[in-house]
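>>> Sequence and computational prediction follow.
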There are 2 protein chains.
Amino acid sequence: MGSETPVSKTIPDATAAAKRPIHQHVYERLRNMILFGDLAPGQGVTIQGLTTALDAGMTPVREALRRLISEGALTHLGNRRVTVPELSHAGLDELGFMRETLEPELTRRAAERMTEHHLNALKDCDNTLNQAIDRGDIGGYLTQNYRFHAMIYALADAPIMATTVDQLWLRFGPSLRVVCGRYGTSNLPDKHAELLAAFADGNAQLAGEVMAGDVAQGMSQIRAALEGQPVPR
Amino acid sequence: MGSETPVSKTIPDATAAAKRPIHQHVYERLRNMILFGDLAPGQGVTIQGLTTALDAGMTPVREALRRLISEGALTHLGNRRVTVPELSHAGLDELGFMRETLEPELTRRAAERMTEHHLNALKDCDNTLNQAIDRGDIGGYLTQNYRFHAMIYALADAPIMATTVDQLWLRFGPSLRVVCGRYGTSNLPDKHAELLAAFADGNAQLAGEVMAGDVAQGMSQIRAALEGQPVPR
DNA sequence: CTTCTTACAATTTGATCATATTCTGCGGCG
DNA sequence: CGCCGCAGAATATGATCAAATTGTAAGAAG
């Protein structure tokens, strides 16, 4: 009786969600920081800095960093410096070509698997996104915009392509923040409405073409912002 | 002034190549084992097994594994087991689409940067490859075939695309070995000769189309082998 | 006399290892 | 048939060693 002591062998964590290993938690946290512009291009990161900042051990941080580096989200430039890479003009061209071929294909596949339920979730996401734009909330815009695309690609049931595209987003994510910082959220057109219409019609081919347009539009926005301000060395 | 004494200060590398960190050495070693079929699809790997097999510490092995997993060369299936993934039919379709769009683009870019010197190196590689085929040397075939493509993609000066395609090769590499194991090296046609001719002509567009054909041919070989023997569970 | 260059030292950072802790899977016992 | 305990493997920690960057001081040149 007296054993009010929970002991129970595994009280995992009052805060729940502590079921994931630490290295993955660190990875996801860093990933979001890069993807949503909390880390600026050119900014350096150190292992020991992160161990203290995130209050984690050294090994999980090392593994997360190694993973991010292999995904291109960070670069191991030269000797001892790991930084968020600055996107070059050539790199932007590569990303443009890859996105404009891969993402339409994912969109077509998603269109063929689209259900009413998923479509409603997408509409909700787009509404939240537009509210963020109206509010001038850059962080909210970046988050919801990514979520909108991620939801579509998750539907495509094409894990290899989806993973690859995700890694592409990691490469231009930081620059997206720069774009918003320069132009604000007021001039950020997208083709999400057309896309939702195509999904509602079940027109996979059209959805793919619209997505191609959306991607092209986004990349040229980045290109314009990067040329206007040719990366402060 | 005349001090030809280099002051030593930085003896770059007496022993050569002994300068790389262990985790990268382990990574490259494992990568080759996967890419060239020393590890079969479905085969499981354990951390402790590798620490003894490669005589390395635990930390470097962990990092190499994590990196390979993030590149799709290994899968973290379920709880605590890491295996070489078996290629599904759907996965093969994805890989086919991606390779048939990405590799021709890389080939076109490479064609525009091709020099006499590089072309000769490619011809040498193809000769070595054909000798391996005649000899029935599966390992030699796999190695040289990869090297042939890798040389082209290195020329393309498109690091993001090249990295992505490299990761694709990691995913179907193990299956290539299976194909060869079933059919031998005698029936392994490729379009390398046509490709070299297009390079020699400086015809980038044609080179891209030939590469698309080469890729399609290779993927359908894998598909045939996989269907004939639907992956022994 | 001031300033630039160079060399040395100290601190910071990264890599590796040995070890402790926890979680999963399995086999025996009630 | 189900529960408990044991073994094995993976995760995570901290310490230790090596290397590099940075700061400082001294010397030479203008």
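Nice, I can see it. Numbers count the residues shown, from 1 in each chain, chains lettered A, B, ... in the order given.

>>> contacting residues around the one helix or strand A:Pro60 maps to?
Under the criterion DSSP states H and E, the helix or strand holding A:Pro60 is helix A:58-70. Residues outside helix A:58-70 that contact it (Cβ atoms under 8 Å, 6 or more residues apart in numbering or on different chains): A:21-27, A:30-31, A:34, A:45, A:47-48, A:50-51, A:54, A:74-76, A:82, A:170, B:23, B:59, B:62-63, B:66-67, B:70-71. (Each C-beta comes from the backbone N, C-alpha and C, glycine too.)

>>> which parts of that helix are buried?
A:59-68, A:70 (16 or more other Cβ atoms under 10 Å in any protein chain shown).

>>> What's the local residue count around the residue in chain A that DNA strand D sits nearest to?
Among all residues of chain A, A:Gly57 sits closest to DNA strand D, at 1.8 Å; criterion: Cβ to the nearest atom of the strand. Each residue near A:Gly57 was counted by other Cβ atoms under 10 Å in any protein chain shown, and the total is 12.

>>> Same question for A:Gly49.
The local packing count at A:Gly49 equals 11, with neighbours defined by other Cβ under 10 Å.

>>> what about the closest residue in space to A:Asp38 that isn't next to it in sequence, distance to A:Tyr146?
With sequence-adjacent residues excluded and distances taken as Cβ to Cβ, 6 or more residues apart in numbering or on different chains, A:Asp38 is closest to A:Asn32, at 7.5 Å. Applying Cβ to Cβ, to the nearest Å, the value for A:Asn32 to A:Tyr146 is 9 Å.

>>> so who does A:Ala150 touch?
Taking Cβ under 8 Å, 6+ apart as the definition of contact, the neighbours of A:Ala150 are A:Asp166.

>>> what about it, which SS state?
The three-state assignment at A:Ala150 reads helix, by DSSP: H, G, I helix; E, B strand; the rest coil.

>>> Enumerate the residues of chain A near DNA strand C.
A:10, A:12, A:46-49, A:58-59, A:62, A:80, A:82 (Cβ under 7 Å from any atom of the strand).

>>> Of those residues, which belong to strands?
The strands, defined by DSSP state E, take in A:Val82 from these.

>>> ok so, going back, list only those of the contacts of helix A:58-70 flagged as buried.
Neighbour counting by 16+ other Cβ under 10 Å classes A:22-23, A:25-27, A:30-31, A:34, A:45, A:50-51, A:54, A:74, A:82, A:170, B:23, B:59, B:62-63, B:66-67, B:70-71 among the contacts of helix A:58-70 as buried.

>>> how far away is the most centrally placed residue in chain A from A:Ser175?
When chain A is reduced to its mean C-alpha position, the nearest residue by Cα atoms, centre = their mean turns out to be A:Leu35, at 4.7 Å. Plainly put, A:Leu35 is 11 Å away from A:Ser175 if you go by Cβ to Cβ.

>>> pLDDT wise, what is the residue nearest to A:Asp38 at?
In the prediction, the pLDDT value recorded for A:Asn32 is 93.

>>> quick check, it in a helix?
Yes. Membership of A:Asn32 in a helix is supported by three-state DSSP.

>>> Make sure it is actually in contact with A:Val26.
No. Under the contact definition of Cβ atoms under 8 Å, A:Asn32 does not touch A:Val26, with a separation of 11.1 Å.

>>> can you list the residues of chain A near DNA strand D?
Applying Cβ under 7 Å from any atom of the strand, we find that chain A lies next to DNA strand D at A:21-23, A:56-60, A:63, A:78-80.

>>> Looking at these, which one is closest to DNA strand C?
Top of the list for closeness to DNA strand C, among the residues of chain A next to DNA strand D and by Cβ to the nearest atom of the strand, is A:Arg80 at 4.4 Å.

>>> and that closest one, how many neighbours?
For A:Arg80, the neighbour count with other Cβ under 10 Å is 9.

>>> same thing with the one 10 residues further on?
The tally of other residues near A:Ala90 (other Cβ under 10 Å) stands at 12.

>>> Hmm, A:Asp214 and A:Ala198 touching each other?
No. Under the criterion of Cβ under 8 Å, A:Ala198 is not in contact with A:Asp214, lying 11.2 Å apart.

>>> All set now, cheers.
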